[in-house]
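predicted model follows, preceded by the sequence.
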Amino acid sequence: MTKRSLRLSGGLIGVVAVLALAACGSDDASGPVMPQDLVLSADELPAGFDVQDVPKDQIIELAKQTAASGGSAVTPASCKQSGVLPDDLTADQLGITIAQQGTAATLTDVVSVSDRDIASFRAAVTGKCATVKRKVTRGPMAGLQATVTTKVLDAPAALAGEDVLVYQQTSTARSSGQKVVTKTLSGVAKVGDYVVRVEYAPMAGSNAIDRTAFDESFARAVDKVAEKA
């Protein structure tokens, strides 16, 4: 696997969203092992995925700016996340691996120290929050509307019975009369003091999700934290 630079594009914006959710509830400077030592390395990724060279400080800063700018309305309002990134969050509090499979997909693995449990992650994407409507109210994307629907899926067979959550989100956006549908597949696990989150996001207008690649990556990411932490 090689290391490449990831452009500040839709792929990186998606990574920011993963980072924000994974960091929610993180209030400890470090655990017994540094989070960056717990994420997947290049040789642990599925075939065809290359690690992208993106400074963590850049991602964290972009995530904080995104959270601070607001500018969106969410219905139901109680499903809107707020304060997901502590102001004093530093790069050493998170482990991040970002990989791309050419122009087909992005795979992100994030490990953070957190006391948040899987039940709270599940509550954020089920029940009344299984379908949410978002509208951008200011900025260059003002007027963009999207409906995000979440479906909880079975965990990989290798993680059956573990404290994990797997779900697929479908976002249908409308702007200037055009309709765009995107899908992501996410897995969240609680392993000791750490939260592990893996996301598979198709790129270039494709919504094809490689469930085998996701399952292998998610199981491997969880096992790595369980073994090393």
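Good, I have the coordinates. Numbering: from 1, shown residues only.

would you list the phi and psi of the residue located most distally from the centre of the chain?
Distance from the C-alpha centroid of the chain peaks at residue 177, with 28.4 Å (Cα atoms, centre = their mean). Per-residue torsions, residue 177: phi 80, psi 0 (degrees, to the nearest 10).

for this protein, which strand is longest?
The residue-count maximum for a strand in the chain (DSSP state E) belongs to strand 178-191.

parallel or antiparallel, which strands does that strand pair with?
Next to strand 178-191 in the sheet, as set by DSSP bridges, lie strand 164-175 (antiparallel), strand 194-202 (antiparallel).

most tightly packed of the ones you listed?
Mean neighbour count (mean count of other Cβ atoms under 10 Å) peaks for strand 194-202 among those, with a mean of 24. (C-beta placed from N, C-alpha, C; glycine too.)

contacts for the lengthiest helix in the chain next, please.
Ordering each helix of the chain by length in residues (DSSP state H) puts helix 211-228 first. Contacts to helix 211-228, defined as Cβ atoms under 8 Å, 6 or more residues apart in numbering, come from residues 33, 37-40, 44-46, 49, 101, 105, 107, 109, 111, 156-159, 162, 164, 166, 185, 187, 189, 191-192, 194, 196, 198, 200.

just the buried positions in it, please.
Under the neighbour-count criterion of 16 or more other Cβ atoms under 10 Å, helix 211-228 has 213-225 buried.

is residue 92 in contact with residue 36, as I believe?
Yes - contact criterion Cβ atoms under 8 Å: residue 92 and residue 36 qualify, at 7.3 Å.

between these two, which has more neighbouring residues?
More crowded of residue 92 and residue 36, by other Cβ atoms under 10 Å: residue 36, with 15 against 12.

need the contact list for the more buried one.
Residue 36 touches 56, 92, 94, 95, 96, 111, counting by Cβ under 8 Å, 6+ apart.

of those - the most surrounded one?
The contacts of residue 36, ranked by neighbours (other Cβ under 10 Å): first place residue 111, 31 neighbours.

and the gap between that residue and residue 229?
9 Å (Cβ to Cβ, to the nearest Å).

which neighbours do the two have in common?
Residues within reach of residue 111 and of residue 229 at once, by Cβ under 8 Å, 6+ apart, are 38, 194.

and residue 169, what are its bridge partners?
residue 150, residue 184.

circling back to that earlier point, and the strands paired with strand 178-191, which one's lowest on average pLDDT?
In terms of mean pLDDT, the lowest-scoring of the strands paired with strand 178-191 is strand 164-175 (a mean of 91).

which residues touch that one?
Taking Cβ under 8 Å, 6+ apart as the rule, strand 164-175 contacts 118, 121-122, 125, 141, 143-156, 179-190, 209, 218, 222.

is it true that residue 202 touches residue 103?
No - counting by Cβ under 8 Å, residue 202 stays clear of residue 103, with 10.0 Å between them.

where are the low-confidence patches of the chain?
1-32, 62-71, 81-89, 139-140, 175, 204 (pLDDT under 70).

which parts of it are helices?
Using DSSP H, the helices of the chain run over 10-23, 56-69, 118-123, 211-228.

show me how far the last one is from its chain's centre.
Distance of helix 211-228 from the chain centroid (Cα atoms, centre = their mean, to the nearest Å) equals 15 Å.

also stretch 132-141?
Stretch 132-141 sits 20 Å away from the centroid of its parent chain (Cα atoms, centre = their mean).

gap between the two ends of that stretch?
18 Å (Cα to Cα, to the nearest Å).
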